[in-house]
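quick check, what structure comes out for this input:
(3 chains)
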Amino acid sequence: MKKILEKRETGVFLILLLLCFGLSLYSPSFLSYTNIKNVLVNSVPVGIMAAGMTIVLITAGIDVSVASQMMFSATWLAIFSQNSPIANPVTVLILALVLGAITGAINGFLIAAFSIPPIIITLGTASIYRGIILVYTNGRWIMNIPKWFTALGKTYYNIPLPIIYALIIFMITAWILKHTYFGRSVYAVGGNENAARYVGVNIKKTIFLTYFYSGLLCGFAGFVLDAILGNCQPSGSNGWEMNAIAAAVIGGTNILGGSGSVIGTVIGVAMMGVIENGLVVAHIPTYWQKLVYGLIIIATVTFDVLRRNYADSKKQMIEIDQEA
Amino acid sequence: MKKRLALFALGAAMMVGMGTTVYAEEEYTIALIPQQVGIPYFETSNVWGTKAGEDLGCEVIYTGPTSGDAAAQANIVQDMITKGVDCIAISPLDASAIEPVLKQAKEEGIKVITWDSDVTDTSLREAYVNCCSEKVLGEHLMQRFAEYMGEEGEYAIITSVLTAQNCSAWAKYATEYQEANYPNMTRVAYEPCDDDQSKAYAITQNLMTAYPELKGVLGVTTPAPPAAAQAVGEAGKNGEIVVTGVVEASAAKSYLEDGSMQEANIWHPGKLGYLAVYTAKTLLDGGEITDGMDVPEVGVVEVKDDQIIMTELLDITTENVDDFDF
Amino acid sequence: MEKLRKRFTLHEMVLAGAFLLIFLIGACSNENFLSIRNILSLFQQMSEMGIMAMGLTIVIITGGMDLSAGTTMGLCAVTSGLCLTKGLGVVPSLIISLGVAVLCGAMNAVLVAIIRIPPMIATLGTQMFFLGAALVLSKGNSISGIPESFYFLGQAKIFGMPLQMLLLFGLAIFLMIMLRNTVTGQHIYAIGNNMKAALFSGIRTKHVLFYSYIMCSVMCCIAGNIQVSRVATARADMGSAFLMTCISAVVLGGTSINGGNGGIVGTVVGIMIFAMIGNIMNLVGISSFWQQLATGSILVLVVVFNRMIEMQKYKVKSRKV
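Below is the predicted model:
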């Protein structure tokens, strides 16, 4: 029990609960089924990207191309679903994963093979993927996605399908991190790359797989986005990569690598959705949102770092004591 | 020696490149600049505007910023000036940010007209091609909206960016009309969606939560009404929450049919684009557009001072939505 | 050829090659490209990005990052705009705007140097915070009615050259001298190379970091004011679109993202390359969407190409497979 209380994620979870409690006092409609459903469903695409981002951050890397990869997948899916005779839920899903795999593999290959800092490669590929879909569509929005596609994003028996998708992704990601060799290598590479190498971890392969997986998830996120919205705006979802990073970091993932968890990211995603919704419910004009977001990120990370520094200095004190 | 030859050849090639002027026919080049490329409303104007160019024998260059960035639009205008176009027809994102470059255009002798949305300093442009006067449109929007609302209840207006002159004007006139004529209606929110459909969707959802008594949403920019209708439909409130606004027939169709949107009030964006190019060509030829003139493909236009007004304002409901090709 | 190899690094040669290539393409594609008018308007448009990129260069050399550069520019722009439209004169408005920039830079520095939050995430937070502040101050509106007395910054010409172009070159020279010839400059490189070693050799790392982040914010403030003056309007979102392009330009120009090397010249060349691409596309009539594709592709191509040659040269794979 004490262990759970000491965990970083618990702190964030408590803050989240406090927020929800406060908001529901202010406005009873906050806790209504419709509102909670809306908050959660709208957070699903970012949540899926954040899950992939968690793994990337744990390896001490970063991927700022996730939003572009998601829109890349979403755009081609929308076009495919409208124009192809073989389009149906299964083929669309397969296409989503294939597209994500391609974009993720390109990132992974460039980063792993050439040892170029991930921020640079992903910065470049973000523009490339976005540029490709914009050039092809001329920025035109793709409207009227077929009904069988949007049916995959609706609610049945009061349970929204997108939430199910998100839960599956989170569970798979958590399982990978905890129970596979790949998952452990991810922590190793992020924690101490040299040590990992000496222990025999295949660094290049691990890094490649990390971005590959992130890409897969982005492809799937594109699928979910199309299903939820029913149309596709190739120039949309700008800046969502920052939301994914913020969600993971608020949830406790260390941006320098080495630690992080899916549970934390889930809480982070929920927190960001609640804040956005909460501001509107509290009748605060939307332009205050960014200010609040920024403050929360700064506060959360400051708290995190101070706690870590304090824990580190405590360890040192113990050493000195022993020597004396 | 080799190096010298190479440099010389390079220099010569550059000189030749510079010296060769393209001797095209004496056709005018008109830059048709929208607020943002990619939005279906402007894409339709593009298609019809280009057609106008073909019909009239001018070259129409359609280019614009890829996001709601007023400074980027100014850069594009500057490059068009450098390119030496004969006329700039622009729908400005920001009524005052664009003025310095339009001044430059004027100094270079390039004709400037505005369409769809205007600038603050009207001396900088020779004509403003409009769908109808802003007051008329704003009031008409509110009249139709209020009828569905039963002239009472809470409502919200969703606009594009807060600085877009046309949308702000329509919202202003609509609200003023409501305050004067429908005292039982209250406007509870006025939110910008930055012409982003997913933002408009989220805003509507949030409004429904924040104002449980909300009775209607009026969208003055084309991405807003379909997004609002989608949100209303998903909440199961078709008909309970009134959605109307400015949106194209094709985008509105499915929502009109399932009842989540009640009406669309718009003009034909393609015809507006055609009229803009037609006006540009006429002015370049030294002519002018007169009141009551019948412009091919467009119809009869009114002219008030320097505003050229298309007279067809359309009310689209389920009954006539299939009659339109945009 | 041998002489060239000794004087310039590989990256510099590749960069110069890319620059010449784009320049030639521009010259051949449109007769207006080489006109004085176009060159000047090119510089007018790129000055804002250029000045921001130069500020970013300093921070990146220290091994850090400033994602808040774009929104700092917006915040300073809004501050100027508000002051000017409320009737304060040009000089007081500029001073207040500079003050805001110093505060922003200081805030970043406190988070990075004192609390020691990784710069990437610290500036991610401040990026949103500054944008939020700008939006709240301006209520989401754009501020127009900037008095004509302010127009000189973005619209005046001295000896026919745009004022901001001269500012760009002036600041470039100033920063180059600062980085190469002053002790602070040497310290900046040292911190980027190895923070711990710098600390132990007596460098006051905290002071140097404060200096770097504040300098970057001040550059953004200057860029913001130039843009406000050029379009005679102030908006909270000014500069946000520049950020990624500026970072790309810094990296393209040869500054390592891990810090420790690089310089102003490379950055300016990088910005010129990106600006020329945009300009050529507008003149030729290629849709602006190709620009994004081009920007990303050039960045990836140059960086990968450089790396491939490096790896060939040393013939040692940097990581075991």
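
work out which residue lies at the spatial centre of the chain.
In the absence of a named chain, this looks at chain A. The residue lying closest to the centre of chain A (CA atoms, centre = their mean) is A:A50, at 0.7 Å.

hmm, I had chain C in mind actually
With distances taken as CA atoms, centre = their mean, the residue of chain C nearest its centroid is C:A53 (0.9 Å).

if we can go back for a sec, tell me the contacts of the residue nearest to the centre of chain A?
Residues touching A:A50, when contacts are defined by CB atoms under 8 Å, 6 or more residues apart in numbering or on different chains, comprise A:243-245, A:247-248, A:251, A:265, A:268-269. Heads up, the C-betas are built off the backbone N, CA and C, glycines and all.

if we take those, which one ends up nearest to chain B?
Ranking those by separation from chain B, with CB to the nearest CB as the measure, puts A:N243 on top at 12.9 Å.

just checking, the closest one touches A:P45?
No: because the distance of 9.6 Å does not satisfy CB atoms under 8 Å, A:N243 is recorded as not touching A:P45.

nearest spatial neighbour of B:E257, skipping sequence neighbours?
What sits nearest to B:E257 in space, not counting adjacent residues and going by CB to CB, 6 or more residues apart in numbering or on different chains, is B:T318, at 5.8 Å.

tell me how far the strand or helix carrying C:C104 lies from the chain's centre.
If you go by DSSP states H and E, C:C104 is part of helix C:90-109. In terms of CA atoms, centre = their mean, to the nearest Å, the gap separating the centre of helix C:90-109 from the centre of its chain is 17 Å.

what are the buried residues along that helix?
Residues of helix C:90-109 classed as buried: C:90, C:93-94, C:96-98, C:100-102, C:104-105, C:107-109 (neighbour count, 16 or more other CB atoms under 10 Å in any protein chain shown).

flag every residue of the stretch 51-200 of chain B that's near chain A.
Taking CB under 8 Å from any CB of the partner chain as the criterion, the neighbours of chain A within the stretch 51-200 of chain B are B:66-67, B:191, B:196-198.

the helix or strand where C:A77 lies and chain A, are they touching?
Using DSSP H and E, C:A77 falls within helix C:69-85. No: residues of helix C:69-85 contacting chain A under CB under 8 Å from any CB: none, with a closest distance of 8.6 Å.

residue ranges of the helices in chain B, please?
Along chain B, the segments classed as helices by DSSP state H run B:2-19, B:40-56, B:70-83, B:99-107, B:134-149, B:165-181, B:197-210, B:224-234, B:249-258, B:269-284.

ugh, wrong one, I meant the stretch 201-324 of chain A
Taking DSSP state H, counting those that start in this stretch, the helices of the stretch 201-324 of chain A run over residues A:203-229, A:240-250, A:262-281, A:289-323.

could you do the stretch 201-321 of chain C as well?
Listed in chain order, the helices of the stretch 201-321 of chain C (DSSP H, counting those that start in this stretch) span residues C:205-231, C:242-252, C:264-284, C:289-314.

can you give me the pLDDT of whichever residue of the stretch 201-326 of chain B sits closest to chain C?
Scanning the stretch 201-326 of chain B for the residue nearest chain C gives B:I203, at 13.1 Å (criterion: CB to the nearest CB). At B:I203 the predicted local distance difference test score is 84.

for it, give its distance to B:Y41.
According to CB to CB, to the nearest Å, B:I203 stands 19 Å off from B:Y41.
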